[in-house]
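Student: can't give you the sequence, but here's the structure:
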């Protein structure tokens with residue numbers, strides 16, 4: 001199992017602040033459905049490593065292959081920023097919903113994209 005966990009999987013950890021509170025949410029790009037969370041980034045990383053192990057063990061026990069990280073995906077660099085154009089009415093609605101939740105427009109948009 002260690003050989004799988006040592007591979008450069010695409011782990012993403014996002015700061016969340018939604019109806020259930022503030023936490024860090026972790027996913028693995030190559031392992032569909034493999035996710036975990038934690039109160040801190042470090043805890044989320046530790047928890048996702050455990051989830052990756054359990055996820056991989058489940059695949060192996062079921063006689064399925066554990067995906068290997070794509071070298072092209074893991075070697076890409078993403079800045080975490082992109083620009084999107086949207087109708088003024090949608091922009092206004094998103095701003096109002098973010099204000100209602102007490103979060104920034106960026107944070108609210110991230111939340112909406114991640115669910």
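Tutor: Structure received. The model shown is predicted, which means the values in this text are computed figures rather than measured ones.
Student: Let me know the next secondary structure element after the helix or strand bottoming out on mean pLDDT in the chain.
Tutor: Of all the helices and strands that make up the chain, helix 71-75 has the lowest average by mean pLDDT, DSSP states H and E, namely a mean of 52. From helix 71-75 onward toward the C-terminus, using DSSP states H and E, the following helix or strand is helix 88-101.
Student: buried ones in that next one?
Tutor: Neighbour counts using 16 or more other CB atoms under 10 Å place residue 98 of helix 88-101 among the buried residues. C-betas here are computed from N, CA, C, even on glycine.
Student: residues making contact with that helix?
Tutor: Where contact means CB atoms under 8 Å, 6 or more residues apart in numbering, the residues beyond helix 88-101 that reach it are 104-105, 107-109, 112.
Student: which of those tops the neighbour count?
Tutor: By neighbour count, taken as other CB atoms under 10 Å, the most surrounded of the contacts of helix 88-101 turns out to be residue 108 (20 neighbours).
Student: any low-confidence regions in this structure?
Tutor: Along the chain, the model assigns pLDDT under 70 to residues 71-76, 115.
Student: could you pull out the helices for it?
Tutor: Listed in chain order, the helices found in the chain under DSSP state H are 2-5, 41-61, 71-75, 88-101, 105-114.
Student: can you tell me which of those helices comes nearest to residue 13?
Tutor: Shortest separation from residue 13 across those is recorded for helix 41-61, at 5.1 Å, computed as CB to CB.
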